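S.K.: attaching a predicted model along with its sequence, questions to come.
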Amino acid sequence: MRNVDCRQAQQLLHGYLDGELDLVHSVEMEQHLQNCGACKSAYEQQQTLRRVIGGGSLYYRAPADLRKRVRSELRRVNPPKLALNPRLRSIMSLATAAMLLVTVTWAVDRNWRGDATEAVVDQVVASHVRSLLVDHVADVASSDRHQVKPWFSGKLDYSPEVNDFAPQGFPLIGGRLDYVNHRPVAAMVYGRRKHVINLFCWPTTGQHSAALQPLQRQGYQLFHWTKSGLEFWAMSDLNAAELQQFAKLVQAAGTESSAN
């Protein structure tokens, strides 16, 4: 039985996770993972990533306090044993149904937006981690913004602004296509010493700008903001202060977007 090296293990890792390898390759992978800490760590990270991606749910139950308020409002507008003529009773029923629909729609929309934001965070984290695990941080590897920006042309329905912040200590590494929030998105990749920064960008429905919002997930730092019709997510294992410095550089550089 041959020995599997780390390069071969990376190629076999996804098949091993999905149970698609034959018996010989499965045994070889098991032996390699027992003896290689780096590959074992990558295997465990992939398992964690699969649990994060597969743990979402599209079912949302209305909060108990909302259900209580709706029932209370129904009792208020339809008190028991209220004598009304048939026409007025019909009007009251329609009004109650309309009010209930508006109330529930508002509550579901509010809760959905909050949960949707959390879902986007999970997708951004998964995309960042995946790019590091499979050693595929860039589809086009270049520090020349005039090479990276045109590469996105024709691949997206918007044109992301690409800048190089090498003088400030954040050199451009390249760019790639990713899939976040149910659509293809641009991912610009930057470096900071030995750290990788993924800057995700896609159009947003509103034209208003939102200030930097810091988040932290699984030991990673994230900053989220919107500007000029675009939504931005910067993510890295950098400390929060340096990632915030990078995010402010992106904001100050300005953004340009054009629909194809």
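M.R.: The structure has been received and is ready for your questions. Being a predicted model, the structure only gives us computed values, none of them experimental. Residues are numbered from 1 along each chain as shown.

S.K.: quick one: the strands in the protein?
M.R.: 140-141, 172-180, 183-192, 195-203, 210-217, 220-227, 230-236 (DSSP state E).

S.K.: parallel or antiparallel, which strands does the fifth one pair with?
M.R.: Its sheet considered, strand 210-217 pairs with strand 220-227 (antiparallel) by DSSP bridges.

S.K.: may I have the strand it pairs with as CSV, with CA atoms only?
M.R.: Presented in CSV, the C-alpha positions along strand 220-227 are these (Å, rounded to 0.1, in the frame of the first residue of the first chain):
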residue,chain,number,x,y,z
TYR,A,220,-12.2,35.7,12.4
GLN,A,221,-12.7,39.4,12.2
LEU,A,222,-15.3,40.9,9.8
PHE,A,223,-16.3,44.4,8.8
HIS,A,224,-19.5,45.1,6.9
TRP,A,225,-20.6,48.4,5.3
THR,A,226,-22.5,49.7,2.3
LYS,A,227,-21.6,52.6,0.0
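
S.K.: bridging residues for residue 213?
M.R.: residue 224.

S.K.: that one against residue 225, yeah?
M.R.: Yes. The pair residue 213 / residue 225 is scored as a contact, 6.5 Å apart, by C-beta atoms under 8 Å. Any C-beta I mention is one placed from the backbone N, CA and C, and that applies to glycine too.

S.K.: most tightly packed of the strands of the chain?
M.R.: When these are scored by mean count of other C-beta atoms under 10 Å, the highest mean neighbour count falls to strand 230-236 (a mean of 23).

S.K.: in contact with residue 214, which residues?
M.R.: By C-beta atoms under 8 Å, 6 or more residues apart in numbering, the residues touching residue 214 are 221-223, 240, 244.

S.K.: for residue 198, give its distance to residue 140.
M.R.: Distance, residue 198 to residue 140, using C-beta to C-beta, to the nearest Å: 15 Å.

S.K.: okay, now residue 204: neighbour count?
M.R.: Burial of residue 204 is recorded as 17 neighbouring residues (other C-beta atoms under 10 Å).

S.K.: apologies, that question was intended for residue 33.
M.R.: 19.

S.K.: which residues does it contact?
M.R.: Residues near residue 33 by C-beta under 8 Å, 6+ apart: 9, 39-40, 43.

S.K.: where does the stretch 51-200 of the chain dip in pLDDT?
M.R.: Along the stretch 51-200 of the chain, the model assigns pLDDT under 70 to residues 52-62, 77-116, 134.

S.K.: redo that, cut-off 80
M.R.: Applying pLDDT under 80 to the stretch 51-200 of the chain picks out residues 51-117, 133-136.

S.K.: mind listing what's buried along stretch 63-79?
M.R.: For stretch 63-79, burial by neighbour count (16 or more other C-beta atoms under 10 Å) applies to 66, 70.

S.K.: sorry, that was for stretch 10-23
M.R.: Under the neighbour-count criterion of 16+ other C-beta under 10 Å, stretch 10-23 has 10, 12-13, 16, 21 buried.

S.K.: pipe the residues you listed into JSON lines and attach distance to residue 125 and pLDDT per row.
M.R.: Listed next are the buried residues of stretch 10-23 as JSON lines, based on distance: C-beta to C-beta, whole Å; pLDDT from 0 to 100:
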{"residue": "10", "distance to residue 125": "21", "pLDDT": "80"}
{"residue": "12", "distance to residue 125": "25", "pLDDT": "86"}
{"residue": "13", "distance to residue 125": "19", "pLDDT": "84"}
{"residue": "16", "distance to residue 125": "23", "pLDDT": "84"}
{"residue": "21", "distance to residue 125": "28", "pLDDT": "79"}
